[in-house]
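coords please:
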Amino acid sequence: MSDWRMWALMLLPAAVAVIVLVVRWRSARPLLRIRLRGVWLIWVAAAVQFLRIAEPSGTVSVLRYHSGLVPVALIWALGVAFVLVNLRRRPAGVRLGLGLLAFGFTLNSVVIAVNGGMPFSASAARRAGLSEQFIAEETVRYVHTSGNTALTFLADLIPVPGLRMVVSVGDLIMLVAVSWVLLAVAWRPGAAAETLSGSVPSAEGGSAELLPHPETA
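Numbers count the residues shown, from 1 in each chain. A predicted model of the protein is given here:
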């Protein structure tokens, strides 16, 4: 829980990858050459998440249908689609990382779908340093764990005191996945970054673009 801190946590792998690149190759350019396909899927998922939180008038009946299953399922489908369209022509290590990312995201989506929000442990939140006022609030995103909680082991149960947040097993898997992908690029930038950008070696020893440039598409 605590979304902005989760984003901060997810940025740590990027920082580690940059350090590895600078130390090993004295350049961070391979990360800048990564081109992702289907970025619009993430933007649509973000828009659905915004609607899920804001609940504008006229959308409540749809957004809360079956305890909010519709937006959660749609966000999951968009996220998995983003991973699938980015698997093509990737190195094995990158494909493994992307698969782990989809797996962790799926675990989070399942526990949210069956509970109508991400369950979190109040005791873990206290150990993480969150305020009693914050813990007492229940929103469309978070619900307290209880005897009726389904799949409790997938809930936000792991306190991170330094960041004042509580994370789930799915969150940790996603963090490992992002780290794996970025470090795969950082450790072998020549092979991984070329494949990630959609290019293969050409007969002349350079690289041939497999994806058109925006100005020629």
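
Could you report the neighbour count for Ala77?
14 (other C-beta atoms under 10 Å). (Glycine included, C-beta is placed from N, CA and C.)

That one and Leu12, how far apart?
For Ala77, the distance to Leu12 equals 28 Å [C-beta to C-beta, to the nearest Å].

Do a quick rundown of the helices in the chain.
Assigned by DSSP state H, the chain shows helices spanning 3-25, 29-32, 39-54, 60-63, 69-85, 92-115, 122-127, 132-136, 169-187, 189-196.

which stretch in those helices has the least confidence?
When these are compared on mean pLDDT, helix 189-196 scores lowest, with a mean of 49.

Return the backbone torsion pair for Thr145.
Thr145 adopts backbone torsions of phi -70, psi 150, taken as degrees, to the nearest 10.

check contacts around it.
Shown in contact with Thr145 (C-beta atoms under 8 Å, 6 or more residues apart in numbering): Pro119, Phe120, Ser121, Ala122, Thr152, Ala155, Leu157.

Does the third one touch Leu157 like I think?
This points to Ser121. Yes: taking C-beta atoms under 8 Å as the definition, Ser121 is a contact partner of Leu157 at 4.9 Å.

Report the separation between the residue nearest to Leu84 when sequence neighbours are not counted and Trp43.
Leaving aside its chain neighbours, Leu84 sits nearest to Ala102 (7.9 Å; criterion: C-beta to C-beta, 6 or more residues apart in numbering). Applying C-beta to C-beta, the value for Ala102 to Trp43 is 18 Å.

the more surrounded of those two?
Ala102 (20 against 11).

how close does the more buried one sit to Glu132?
According to C-beta to C-beta, Ala102 and Glu132 sit 36 Å apart.

now Ala45
Separation of Ala45 from Glu132 (C-beta to C-beta) stands at 32 Å.

Buried residues of stretch 92-102, list them for me.
Gly93, Val94, Arg95, Gly97, Leu98, Leu100, Leu101, Ala102 (16 or more other C-beta atoms under 10 Å).

neighbour-wise, which of Ala45 and Glu132 wins?
Comparing Ala45 with Glu132 by neighbour count (other C-beta under 10 Å), the higher total belongs to Ala45, at 19 against 10.

That one contacts Gly79, doesn't it?
Yes: in this structure Ala45 lies within contact range of Gly79 using C-beta under 8 Å: 5.8 Å.

All set, thanks.
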